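Trainee: Task: produce atomic coordinates for the following.
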Amino acid sequence: MKKCPTCGLSFSDEHTYCLNDGTVLHASAETGQAPSYYSSGEMETQVLHNLPMPAPAPAKNADLSRWLFLIIGLMAAVIIALGAAVYFSRSSGDSDKQAAANARNFLAENTARNSSATQAPSPAGVDLTGEWKGELLYPWGTAYSAHLDLVDDKSGNVQGRLIWTFLRAEKRRAADKNTVETVRGVFNTATRSLSLDGSDEDEPGRSKIVDRYSLTLTEDGNNLNGFVQGGKTKWKLNLKRTDGK
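Mentor: This is a model prediction of the structure:
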């Protein structure tokens with residue numbers, strides 16, 4: 001007989017290892033009682049079927065690992081989303097600020113341009129103050145002389161008095177008479193253009209605009225050339241400085 005020194009089970013001599021725990025069997029010296037052993041054959045097969053199976057790995061640890069990886073993934077996704085939101089928010093804010101700044105600059109430039117066009121001081125050496133004379137000839141033969149007295153306040157504002165004197169006509173009409181107009185307007189230094197509105201002094205209140213003048217100052221400063229418009233009709237008008245300035 002052989003006995004397992006580990007679990008104490010006895011086996012027949014044909015066995016070398018314990019069928020329970022695999023320990024090397026030793027010869028047994030026990031007598032006087034029926035030995036507890038497994039022999040070969042059916043009993044051995046039965047013992048093999050009754051051997052304890054290895055315990056499976058706890059599923060709890062695997063579930064915990066899966067939840068841990070899931071939580072870490074969610075946190076990473078949230079951090080990435082927040083970072084992207086902050087980035088695009090800053091980019092959008094910078095774009096809005098730049099657009100607002102561009103709009104302010106554009107408005108300031110246009111305001112300055114319009115202001116300089118209407119209220120810019122006369123350039124150095126240019127003064128429209130003085131006497132200007134010329135002649136207006138209508139296609140049907142009627143002619144008038146023009147005598148313009150201007151005052152330039154050096155800030156772009158110009159005003160004065162224009163006297164129209166009847167000279168001749170192939171056939172004089174009732175409308176052919178001397179006329180006096182009060183003129184007011186602005187001088188644009190960039191284009192050297194003079195724009196005047198003329199109101200008839202014979203009209204009550206002197207507020208009715210009867211003529212509009214669009215004239216350009218020549219480079220030498222001695223001539224104003226352009227047009228006078230009465231109603232829908234334009235006539236060419238040239239005036240020359242006569243005060244010697």
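Trainee: alpha carbons only for contacts and neighbour counts from here, please
Mentor: Fine.
Trainee: Quick check: Ala85 is in a helix.
Mentor: Yes: using DSSP: H, G, I helix; E, B strand; the rest coil, the assignment for Ala85 is a helix.
Trainee: Contacts only, for Asn223.
Mentor: The contact partners of Asn223, by Cα atoms under 8 Å, 6 or more residues apart in numbering, come to Leu217, Asn238, Leu239, Lys240, Arg241.
Trainee: contacting residues around the first one?
Mentor: It refers to Leu217. Arg192, Ser193, Leu194, Asn223, Leu224, Asn225.
Trainee: Give me the subset of those residues lying in strands.
Mentor: Ser193, Leu194, Asn223, Leu224, Asn225 (DSSP state E).
Trainee: now, which of these sits nearest Phe69?
Mentor: Ser193 (79.8 Å; Cα to Cα).
Trainee: Just give me the neighbour total for that closest one.
Mentor: Ser193 is flanked by 19 other residues according to other Cα atoms under 10 Å.
Trainee: what pairs with it across the strands?
Mentor: Asn188, Thr216 (DSSP bridges).
Trainee: Assess the claim that it and Tyr213 are in contact.
Mentor: No: counting by Cα atoms under 8 Å, Ser193 does not reach Tyr213; the two are 10.2 Å apart.
Trainee: shared neighbours, these two?
Mentor: Common neighbours of Ser193 and Tyr213 (Cα under 8 Å, 6+ apart) do not exist.
Trainee: how's the chain carved up into domains?
Mentor: 1-52, 130-241 (automatic domain parsing).
Trainee: Show me which residues of the helix or strand containing Tyr213 are buried.
Mentor: Taking DSSP states H and E as the criterion, Tyr213 maps to strand 209-217. Neighbour-count burial for strand 209-217 flags Ile209, Asp211, Arg212, Tyr213, Ser214, Leu215, Thr216, Leu217 (criterion: 16 or more other Cα atoms under 10 Å).
Trainee: Can you check the pLDDT for the third one?
Mentor: The per-residue pLDDT reported for Arg212 equals 92.
Trainee: Please pull out the lowest mean pLDDT helix or strand from the chain.
Mentor: helix 42-50 (a mean of 43; mean pLDDT, DSSP states H and E).
Trainee: ok, back up a step: export the strand holding Tyr213 as PDB, just CAs?
Mentor: The C-alpha trace of strand 209-217 is given here as PDB (Å, rounded to 0.1, in the frame of the first residue of the first chain):
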ATOM      1  CA  ILE A 209     -33.000 128.100 -55.100                       C
ATOM      2  CA  VAL A 210     -33.200 129.200 -58.800                       C
ATOM      3  CA  ASP A 211     -29.700 128.200 -60.100                       C
ATOM      4  CA  ARG A 212     -27.000 125.700 -59.200                       C
ATOM      5  CA  TYR A 213     -23.400 126.300 -60.100                       C
ATOM      6  CA  SER A 214     -20.700 123.600 -60.600                       C
ATOM      7  CA  LEU A 215     -17.400 125.300 -61.300                       C
ATOM      8  CA  THR A 216     -13.700 124.200 -61.200                       C
ATOM      9  CA  LEU A 217     -10.800 126.400 -60.300                       C
END
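Trainee: which strand of this structure spans the most residues?
Mentor: Max-length strand for the chain by DSSP E is strand 157-168.
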